[in-house]
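give me a 3D structure for the following:
(one chain, ligands or ions: 1)
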Amino acid sequence: MAENLRVAVIGAGRMGADHIQRLHTRVHGAEVAAVIDVDLDRAKAAVADIPGARAFATPGEAYAASAADGGINAVVIATPGFLHEEALLEALALDIPILCEKPLTPDAESAWRIVEAEQRLGRKRIQVGFMRRFDAEYARLGGLIRSRDLGELLLLHCRHRNPDTPAGFTNEMLINDSVVHEFDVIRYLTGEEITSVQVRLGKATSKAPSGQHDPQHVLIETESGVLADVEIFVNAQFGYEVATQAAFEDGIVDIGGDGGPYVRRAGRWGGEVTPSFIERFGAAYDVEVQAWVDAALRGEIGGPSAWDGYATAACCEAGVEAQKSGEKVAVVLPEKPELYWSSGTARKGAGR
Ligand code: ISE
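Numbering: from 1, shown residues only. Sure thing, here's the model as predicted:
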């Protein structure tokens with residue numbers, strides 16, 4: 001692999017623009033070589049301040065230009081999920097490192113096609129953008145669980161609150177777009193696959209757009225019987241909160257509470273509520289992208305794999321079915337392909 005990753009970013013929307021800035025200004029060992037967006041003007045605007053970076057309307061055009069001059073040797077996919085499969089297959093065919101924003105693809109069947117394509121290639125090229133694994137507090141909690149300092153982990157209580165939802169955010173997206181992170185992080189923390197999902201719909205807020213039942217209560221079980229409950233509340237008004245409480249045999253651990261500064265002024269006390277996931281997870285995104293770049297330069301991936309993307313897609317499918325039926329729905333996975341066995345966890349385990 002060359003000295004620097006020359007990255008094509010596909011999609012210059014909110015997440016794409018964020019990654020472009022990150023790669024351009026904060027990440028070492030990589031540069032933005034191209035930005036691709038169906039809205040060519042948006043792509044051009046995104047590269048305007050980046051010397052040498054080019055704008056294209058399609059990945060095909062960018063790769064064709066690169067075939068002549070070798071301008072691109074890695075790709076970040078930050079388009080909406082329904083466009084991921086095609087972009088992933090194109091990049092896999094080029095055998096270049098890929099960082100794909102979550103979800104890997106919108107459903108388990110298409111996610112499995114990606115897993116199969118990567119197996120045919122014979123090496124892991126895809127890292128999925130589950131950034132919570134790179135958040136310092138989640139990482140510490142993961143370490144505590146693995147160390148067994150507090151005994152066995154028994155329960156996880158997860159709060160996932162957003163101030164509001166963008167236009168077009170459907171009821172299924174509470175699971176597919178938001179709870180998907182909890183599925184991944186529960187798998188990461190426990191090192192186990194999720195075996196069932198149930199969704200309970202209680203009293204709903206009047207602040208949700210029509211079609212959304214908000215909040216929802218999601219109940220999750222893992223292979224060893226760890227129970228996790230998730231409050232997903234995406235029109236919570238007050239601000240952004242992603243927090244978890246873990247109950248162990250010998251203690252309780254909380255992560256994700258509001259951080260300082262804690263200000264006392266004119267007879268009052270208080271601080272600022274985190275406004276959105278960009279502020280809550282900004283540092284985690286930086287660590288994630290740097291880990292991807294560092295690993296890509298060694299010919300590896302530096303985080304969650306296509307298997308993790310597939311397994312969470314299967315959890316999401318069960319979650320959406322559970323939303324509709326109210327029943328506990330089993331998550332049944334095929335055996336993890338050998339390509340994704342890690343040295344520590346062999347056949348089993350959720351891609352730690
Ligand atoms: C959004 O896509 C994210 O990834 C955020 O982390 C999550 O909190 C939000 O619910 C999603 O819509």
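
low pLDDT regions in the protein?
Across the chain, the ranges flagged by pLDDT under 70 are 1-2, 343-352.

please enumerate the helices of it.
Per DSSP state H, the chain carries helices over the ranges 14-25, 40-47, 59-69, 84-94, 108-121, 136-147, 171-173, 180-190, 277-297, 306-325.

contacting residues around the nearest residue to Gly71 once chain neighbours are set aside?
In space, and not counting its chain neighbours, Gly71 is closest to Ala33: 5.2 Å by C-beta to C-beta, 6 or more residues apart in numbering. For every residue, glycine as well, the C-beta is placed using N, CA and C. Counting by C-beta atoms under 8 Å, 6 or more residues apart in numbering, Ala33 touches Arg6, Val7, Ala8, Gly52, Ala53, Arg54, Ser66, Gly71, Ile72.

swap the cut-off to 6 Å and go again
Contact analysis of Ala33 by C-beta atoms under 6 Å, 6 or more residues apart in numbering lists Arg6, Val7, Ala8, Gly71, Ile72.

measure the nearest residue to Pro215 once chain neighbours are set aside to the ligand for me?
Leaving aside its chain neighbours, Pro215 sits nearest to Phe233 (3.6 Å; criterion: C-beta to C-beta, 6+ apart). For Phe233, the distance to the ligand equals 10 Å [C-beta to the nearest ligand atom, to the nearest Å].

neighbours of Phe233, how many?
Residues within reach of Phe233, counting by other C-beta atoms under 10 Å, total 20.

near the ligand, which residues of the stretch 151-300 of the chain? Just list them.
Within the stretch 151-300 of the chain, the residues that sit near the ligand (C-beta under 6 Å from any ligand atom) are Asn162, Asp177, Ser178, His181, Val234, Phe277.

just the buried ones from those residues?
The neighbour count (16 or more other C-beta atoms under 10 Å) marks Asn162, Asp177, Ser178, His181, Val234, Phe277 as buried among these.

next one: the nearest residue to Asp184 once chain neighbours are set aside from Ala243, what distance?
Leaving aside its sequence neighbours, Asp184 sits nearest to Phe130 (C-beta to C-beta, 6+ apart; 4.3 Å). To Ala243, Phe130 is 17 Å away according to C-beta to C-beta, to the nearest Å.
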